[in-house]
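**Q** Provided below for reference: sequence and predicted model.
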Amino acid sequence: MTSAALPAASPSNGVLAATQRSSPLRVYATEAKYELIKQLRIPAFMIPTIGFPIMFYVLFGLVMQNGSRDSKMIATYTLATYGAFGVIGISLFALGVGVAVERGQGWLAVKRASPMPVSAYFAAKYVTTLVISVVLMLLMCLIGYVFGHVRMSGAHWLILIVAETLGAVPFCAMGLAIGYLAGPNSAAAVVNIIYLPMAFLSGLFIPAEMLPKVLQRFAVALPPYHLGRLGLDAVGLEPASNAVGHIAALTGFGALFTIIAFIAYRRDEGKTYG
């Protein structure tokens with residue numbers, strides 16, 4: 001009489017079974033969770049990325065306007081524009097510099113060798129960027145309310161936070177493209193070369209209407225201009241009828257940067273794996 005031998009239980013079998021039972025959503029959520037924890041544990045990233053926009057807003061939007069007749073309006077205006085400046089910086093540094101560095105460290109090769117879908121890695125980067133952007137916007141809104149005496153309806157506060165957070169998505173795609181086009185040692189420099197001049201020329205530091213005429217026409221062709229204007233629309237300082245155009249422009253830029261990022265990713269994969 002013969003009997004079929006049953007495989008002995010082992011920890012590895014248990015891990016395999018648990019992995020097979022894991023839903024795709026759980027994989028994505030877990031990757032996003034640990035990506036966020038990783039960023040929170042890097043003060044060299046979190047402090048300047050969140051601190052610089054807040055510092056600029058406090059200095060130029062509040063302190064230098066203290067006592068002026070239009071201080072409340074300026075505090076409201078700069079809340080929208082410096083908020084846009086902040087979420088763009090988070091997007092470019094978290095994705096652009098982060099992906100470039102991890103490519104250089106070989107971490108992406110490790111991720112690719114795991115059973116996790118590569119899309120979970122990129123989704124985690126996007127989710128982490130948006131979560132940090134929400135934190136930044138909440139802090140800036142709190143500072144604007146307490147120290148800048150910014151007063152809006154609850155709907156306007158919510159629209160501002162949502163608009164500028166979701167408006168960061170095209171810049172996440174831009175950061176991803178930079179992360180695959182730039183090297184790990186040059187990515188931070190590339191981001192700074194692009195980020196700061198682009199923000200200035202888009203009217204995030206001073207109103208675009210105060211720039212020379214030729215630069216005003218050029219500003220419309222830059223994605224931060226449209227995010228800044230979307231923020232101004234949210235606080236009631238830009239005609240609401242223009243919002244659709246700004247959303248369409250940001251969507252177009254997002255699609256363009258996504259295509260560039262995908263091409264750069266495929267090129268990088270071809271170099272690594274043939």
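**A** Thanks, I have the structure now.
**Q** In contact with the closest residue to P207 other than its chain neighbours, which residues are there?
**A** What sits nearest to P207 in space, not counting adjacent residues and going by Cβ to Cβ, 6 or more residues apart in numbering, is Y77, at 7.7 Å. All C-beta atoms are positioned from the backbone trio N, CA, C, and that covers glycine. Residues in contact with Y77, defined by Cβ atoms under 8 Å, 6 or more residues apart in numbering, are G61, P207, L232, V235, L237.
**Q** Now stretch 232-244: buried residues?
**A** By neighbour count on 16 or more other Cβ atoms under 10 Å, the buried set for stretch 232-244 is L232, D233, A234, V235, L237, E238, A243.
**Q** Now the residues you listed in CSV, please, with extra columns for pLDDT, distance to L108 and secondary structure.
**A** Formatted as CSV, the buried residues of stretch 232-244 follow (pLDDT from 0 to 100; distance: Cβ to Cβ, whole Å; DSSP: H, G, I helix; E, B strand; the rest coil):
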residue, pLDDT, distance to L108, secondary structure
L232, 96, 38, helix
D233, 95, 38, helix
A234, 94, 36, helix
V235, 94, 40, coil
L237, 92, 42, coil
E238, 88, 40, coil
A243, 93, 37, helix
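**Q** and of those residues, the nearest to C172?
**A** Nearest to C172 among those is A234, at 19.7 Å by Cβ to Cβ.
**Q** need the helices for the chain, in chain order.
**A** 11-21, 24-40, 43-56, 71-91, 98-105, 107-113, 118-146, 154-166, 169-181, 187-201, 213-219, 223-234, 243-273 (DSSP state H).
**Q** Enumerate every residue touching the residue at minimal distance from the centre of the chain.
**A** The centroid of the chain falls nearest to S91 when counting by Cα atoms, centre = their mean (2.6 Å). By Cβ under 8 Å, 6+ apart, S91 lies in contact with T129, S133, A168, F171, C172, M174, G175.
**Q** ok, back up a step: pipe the helices of the chain into TSV and attach distance to Q65 per row.
**A** Shown next, in TSV, are the helices of the chain (distance: least, Cβ to Cβ, whole Å):
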stretch	distance to Q65
helix 11-21	56
helix 24-40	33
helix 43-56	13
helix 71-91	4
helix 98-105	35
helix 107-113	45
helix 118-146	12
helix 154-166	19
helix 169-181	27
helix 187-201	19
helix 213-219	23
helix 223-234	17
helix 243-273	26
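**Q** Quick check: L138 touching L160?
**A** No: using Cβ atoms under 8 Å, L138 is not in contact with L160; the gap is 10.6 Å.
**Q** Tell me which of these two has more neighbours.
**A** Higher neighbour count among L138 and L160: L160, with 27 against 13, using other Cβ atoms under 10 Å.
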